[in-house]
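# how would this look folded up:
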Amino acid sequence: MKIIMFKKIAVGSVLAISTCLAMVGQANATPYNPTHYGMNVNNGPLSKLNLTKKQKSQIQAIQKSNHNNGKNGYKNKHAAISKVLTVSQRNQLEKMRAGNRAKRGQ
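Numbering: from 1, shown residues only. Down below sits the predicted model:
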């Protein structure tokens, strides 16, 4: 009987601690930073694509809306950005990405 009570208390304590840590983690989450991952339209690889003002504002809106969405947000962001770019800009960006992958050895 004592072992069962100990297990219940232990499980309850672990759940309480994990809940507290999760809440602290969310409170300390990194705010939106458009320069994160080098996708800044003013300094990163996108800046080399001669984007129009309209494209820049569209891309910044896409980046902000997909921030903190994990892997799906990353995929959605790249697909949405690709739709904003012209064919030549997409080709140029893909060449830059391929070069970066080659540098990293992937």
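# can you pull out the helices in the protein?
Listed in chain order, the helices of the chain (DSSP state H) span residues 2-27, 53-65, 70-84, 87-104.
# what residues go with each domain of the protein?
Under the assignment automatic domain parsing, the domains of the chain span 1-30, 34-104.
# of the ones you listed, flag the one that's most buried.
Mean neighbour counts were compared across those using mean count of other CB atoms under 10 Å; the top stretch is domain 34-104, at a mean of 14. Just so you know, the C-beta spots here come from the backbone N, C-alpha and C atoms, and that holds for glycine as well.
# model confidence over that one, on average?
Averaged across domain 34-104, pLDDT comes to 80.
# check stretch 13-24 too.
For stretch 13-24, the per-residue pLDDT values average out at 72.
# what's near enough to touch the nearest residue to residue 80 once chain neighbours are set aside?
Residue nearest to residue 80 in three dimensions, not counting chain neighbours: residue 62, with 4.6 Å by CB to CB, 6 or more residues apart in numbering. Under the criterion of CB atoms under 8 Å, 6 or more residues apart in numbering, the contact partners of residue 62 comprise 77, 80-81, 84.
# one more time with 6 Å
For residue 62, the contacting residues are 77, 80-81, taking CB atoms under 6 Å, 6 or more residues apart in numbering as the criterion.
# that one and residue 81, how far apart?
Here the criterion is CB to CB, to the nearest Å. By it, residue 62 lies 6 Å from residue 81.
# one more: residue 41?
10 Å.
# find residues that contact each of those two.
Common contacts of residue 41 and residue 81, defined by CB under 6 Å, 6+ apart, comprise residue 59.
# same list (the helices of the chain) but as JSON lines, adding distance to residue 45.
Converted to JSON lines, the helices of the chain look like this (distance: least, CB to CB, whole Å):
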{"stretch": "helix 2-27", "distance to residue 45": "30"}
{"stretch": "helix 53-65", "distance to residue 45": "12"}
{"stretch": "helix 70-84", "distance to residue 45": "11"}
{"stretch": "helix 87-104", "distance to residue 45": "5"}
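# of all those helices, which one is nearest residue 47?
Proximity of these to residue 47 was assessed by CB to CB; the nearest stretch is helix 53-65, lying at 9.2 Å.
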